[in-house]
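**Student:** quick one, fold the following:
(one chain, ligands or ions: 3)
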Amino acid sequence: MFNLKEFQQRRSQLLKKMGEGIAIIPTAPEALRSRDSHYPYRFDSYFYYLTGFTEPESVLVLVAGKHPKSILFCRDKDMEREIWDGFRYGPEGAKKEFGFDEAYNINQLDELAPKLLGNQAKLFYSLGADGHWDARVTGWLNAVRDLVRTGVVAPAEIVDVRQLVDSMRLMKTPFEIEIMRHSANIAAAAHNRAIKFTKPNKKEYEIEAEFLHEFYRSGAQSPAYTSIVAGGANACTLHYNANNCVLNDGDLLLIDAGCELDGYASDITRTFPVNGKFSAAQKDLYELVLSAQLAAIAAAKPGNLWNAPHEAVLDILVQGFIDFKLCKGSKDAVLESGDYHQFYMHRTGHWLGLDVHDAGQYKDKAGNWGLLKEGNTLTVEPGCYVRPADNVPEHFWNIGIRIEDDVLITKTANEVLTKNAVKTVADIETLMKS
Ligand code: GLY
Ligand code: MN
Ligand code: MN
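**Tutor:** Ligands and ions are numbered 1, 2, ... in the order given. Next up is the predicted model:
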């Protein structure tokens, strides 16, 4: 999906925020996987947000001021390379199709960049994001500084361009929401397919193959992050991704997987019984996490603090941990001591968008939690992870549960983008019987 106007508007908005100066925003480099084989290429999210352009070796330059302009540097057309690697727009094609004011061969960048930087008051650049680019940009700045006796002045100020774009990326537009809804629907269908396919004695990777199948056949370009397919005790390792164990009758299976569609991530976790039926202990903890998640989703609405869903989760989980004899003492005492961290050691969500842990601040400048606003997209993902320990009732040992949905903040409340992935005990057990 491409919407020329929207990308042009984003560049105009950033140019306005800059006021004066020049922004240099390179896309991501290609990365070698082994010898001369590359990882599948993934553009830089900031660059893509402002251009919609997916070719490697590209740089966006924005010049703010009275006559703002956007300039793309990209690879030239090259019939020989295109026979091997595929189509390239070339500067002329890119300028026309993607709406830049000017476009040049990427090979001209080292020659033109110092000229563009001269007499600009500020440089907007993400210093520290990539050491190679930092060195190159420093070289251009020094080349400009060398011209001081000819009257040319180098930028006196370097501003992190990411901070300006982050606040834009936090507020999703209808165009972005449509893609995110689609990405979420694909991932939800993929989880349902994986749940339906699960049986004792299958391997974790066999289940992974099922949801990957659904991602790709539905047009997603990639998983959005390394998938977690964690049977039994593996679910208590938060970033488990070996995905190579046998699924045992009587265990739960936790799957944390989402896809990337046109740059936008979905991020879903579902936990369900390998044999299709929750045991009493599994059901107790599952219902607890689910009620915490539903309370957190209810708290995800405009005007509430970012932290409201997390606080809703703690309120319910901690009481449950006390009731199930996982924690001792009053709710206030357990919240105060942090004893619940033994079973719930992560936070309840993150922004979601072009990056799975998306750009954007969580606190305001005074250090207070920010407010949720219409157009924000975030995950809501409480969990409970019980490792064997002397202070833990044995029937809960090795149960790891997380339930994660993607939520869009609307004008009055929210929309759960991933609502099509089954979640209640009854719906999961019915799907697994079918
Ligand atoms: N799958 C990454 C996360 O849940 O944050
Ligand atoms: Mn997540
Ligand atoms: Mn996740």
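
**Student:** residue boundaries of the strands in the stretch 151-300 of the chain?
**Tutor:** 157-159, 222-223, 228-231, 252-257, 259-261, 264-265, 268-273 (DSSP state E, counting those that start in this stretch).

**Student:** just those: most buried one?
**Tutor:** Mean neighbour count (mean count of other Cβ atoms under 10 Å) peaks for strand 264-265 among the strands of the stretch 151-300 of the chain, with a mean of 28. Every C-beta, even on glycine, is put in place using the N, C-alpha and C of the backbone.

**Student:** who does it pair up with?
**Tutor:** Paired strands of strand 264-265, with direction, are strand 259-261 (antiparallel) (DSSP bridges).

**Student:** so how far is the partner strand from its chain's centroid?
**Tutor:** Here the centre of strand 259-261 is set off from its chain's centre by 10 Å, with Cα atoms, centre = their mean, to the nearest Å.

**Student:** mind listing what's buried in stretch 328-345?
**Tutor:** For stretch 328-345, burial by neighbour count (16 or more other Cβ atoms under 10 Å) applies to 334-335, 339-340, 342-344.

**Student:** what sits against the residue nearest to the spatial centre of the chain?
**Tutor:** The residue lying closest to the centre of the chain (Cα atoms, centre = their mean) is V356, at 1.0 Å. By Cβ atoms under 8 Å, 6 or more residues apart in numbering, V356 lies in contact with 224-225, 258, 265, 267, 350.

**Student:** where does the chain have low pLDDT?
**Tutor:** 1 (pLDDT under 70).

**Student:** ligand 2 contacts on that one?
**Tutor:** Contact residues (Cβ under 5 Å from the ion) of the chain with ligand 2: 267, 379.

**Student:** can you name the residues of the chain that neighbour ligand 1?
**Tutor:** 225, 256, 267, 350, 356, 381, 404 (Cβ under 6 Å from any ligand atom).

**Student:** bridged to the closest residue to the fifth one other than its chain neighbours, which residues?
**Tutor:** Pointing back at V356 there. Distances taken as Cβ to Cβ, 6 or more residues apart in numbering place A265 nearest to V356, at 4.2 Å, with adjacent residues excluded. On the basis of DSSP bridges, A265 is bridged to E260.

**Student:** residue in the stretch 51-200 of the chain with the shortest distance to ligand 3?
**Tutor:** The nearest approach of the stretch 51-200 of the chain to ligand 3 comes at A187, 10.0 Å away (Cβ to the ion).

**Student:** give the burial count for that residue, as a bare number.
**Tutor:** If you count neighbours by other Cβ atoms under 10 Å, A187 ends up with 31.

**Student:** which SS state does I22 fall under?
**Tutor:** Using DSSP: H, G, I helix; E, B strand; the rest coil, the three-state assignment for I22 comes out as strand.

**Student:** how close does the residue nearest to it when sequence neighbours are not counted sit to ligand 1?
**Tutor:** Distances taken as Cβ to Cβ, 6+ apart put Q120 closest to I22, at 4.5 Å, once the chain neighbours are dropped. Separation of Q120 from ligand 1 (Cβ to the nearest ligand atom, to the nearest Å): 38 Å.

**Student:** same question for A156.
**Tutor:** Distance of A156 to ligand 1, computed by Cβ to the nearest ligand atom: 39 Å.

**Student:** what's the answer for I207, then?
**Tutor:** 16 Å.

**Student:** again with F87
**Tutor:** To ligand 1, F87 is 33 Å away according to Cβ to the nearest ligand atom.

**Student:** quick one on the thing from earlier: might one say that the residue nearest to V356 is in contact with S183?
**Tutor:** Yes. With contacts counted by Cβ atoms under 8 Å, A265 reaches S183, the gap being 6.7 Å.

**Student:** please identify every residue contacting each of those two.
**Tutor:** Taking Cβ under 8 Å, 6+ apart as the criterion, A265 and S183 both touch 224, 258-259.

**Student:** ok but D427 is inside a helix, no?
**Tutor:** Yes. Looking at D427 with three-state DSSP, it is inside a helix.

**Student:** check which helix or strand covers T379.
**Tutor:** strand 377-380 (DSSP states H and E).

**Student:** what's that strand packed up against?
**Tutor:** With contacts defined as 3 or more Cβ pairs under 8 Å, 6 or more residues apart in numbering; DSSP states H and E, strand 377-380 has these neighbours: helix 280-299, strand 405-409.

**Student:** who's in contact with E394?
**Tutor:** Each residue near E394 by Cβ under 8 Å, 6+ apart is listed here: P388.

**Student:** cool, N185 as well?
**Tutor:** Counting by Cβ under 8 Å, 6+ apart, N185 makes contact with 417, 420.

**Student:** what about 7 Å?
**Tutor:** With contact set as Cβ atoms under 7 Å, 6 or more residues apart in numbering, N185 has these partners: N420.

**Student:** who does the spatially closest residue to L352 that is not a sequence neighbour bridge with?
**Tutor:** Among residues not flanking L352 along the chain, T377 sits closest, at 4.8 Å (Cβ to Cβ, 6+ apart). With DSSP bridges as the criterion, T377 is bridged to L408.

**Student:** residues in contact with T377?
**Tutor:** T377 sits next to 172, 180, 351-353, 406-408 when contact means Cβ under 7 Å, 6+ apart.

**Student:** what of E157?
**Tutor:** Each residue near E157 by Cβ under 7 Å, 6+ apart is listed here: 121-122.
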